[in-house]
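Visitor: take a look and give me a structure for this.
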Amino acid sequence: MTIGICRFELYLPTCQSLKDKRRLLKSLIARIQNKFNVSVSELEENDLRQKALVGVAVISNASTHANQMLSKIVEMIDRETEIVMMDYTLELL
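Guide: Residues are numbered from 1 along each chain as shown. This is a model prediction of the structure:
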């Protein structure tokens, strides 16, 4: 069994309020969960309107499968127009 964890540091330049941030992150989290069936949550930076730290976790029977899923999620977030991915870390346990 392999557990894959990915942490994303995101910049949200279009968000002018925390309400805008919640709307944008809620939409992103729902799309990731629906497409990949993984666990996603905002981890830190809850009170900053243009910055977010989001975590994604996946459990798989093969490390290659977990790595592929997380890589596809990285690509998906990178293609977002309203979100800038500042950094990410990917870890397989």
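Visitor: where does this structure have low pLDDT?
Guide: By pLDDT under 70, the chain has no low-scoring segment.
Visitor: can you give me the strands in it?
Guide: Using DSSP state E, the strands of the chain run over 2-11, 39-44, 51-60, 84-92.
Visitor: which residues sit in contact with residue 49?
Guide: By Cβ atoms under 8 Å, 6 or more residues apart in numbering, residue 49 lies in contact with 12, 15, 16, 17, 18, 20, 21. For every residue, glycine as well, the C-beta is placed using N, CA and C.
Visitor: how does it look with 6 Å?
Guide: Residues in contact with residue 49 (Cβ atoms under 6 Å, 6 or more residues apart in numbering) are 15, 17, 18, 21.
Visitor: could you do residue 7 as well?
Guide: With contact taken as Cβ under 6 Å, 6+ apart, residue 7 is in contact with 55, 89.
Visitor: make residue 1 into 2 and carry on from there
Guide: Okay, using 2 as the starting number, the last item reads as residue 8.
Visitor: any idea what it is bridged to?
Guide: Beta-bridge pairing for residue 8 (DSSP bridges): residue 56, residue 90.
Visitor: how far away is the residue nearest the centre of the chain from residue 75?
Guide: Nearest to the mean C-alpha position of the chain, counting by Cα atoms, centre = their mean, stands residue 55 at 4.7 Å. To residue 75, residue 55 is 12 Å away according to Cβ to Cβ, to the nearest Å.
Visitor: returning to what we had before: hmm, the residue nearest to the centre of the chain is touching residue 9, no?
Guide: Yes - the pair residue 55 / residue 9 is scored as a contact, 4.7 Å apart, by Cβ atoms under 6 Å.
Visitor: distance to residue 32 for the contacts of residue 50 - can I get that in CSV?
Guide: Shown next, in CSV, are these (distance: Cβ to Cβ, whole Å):
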residue, distance to residue 32
16, 17
18, 22
19, 20
22, 16
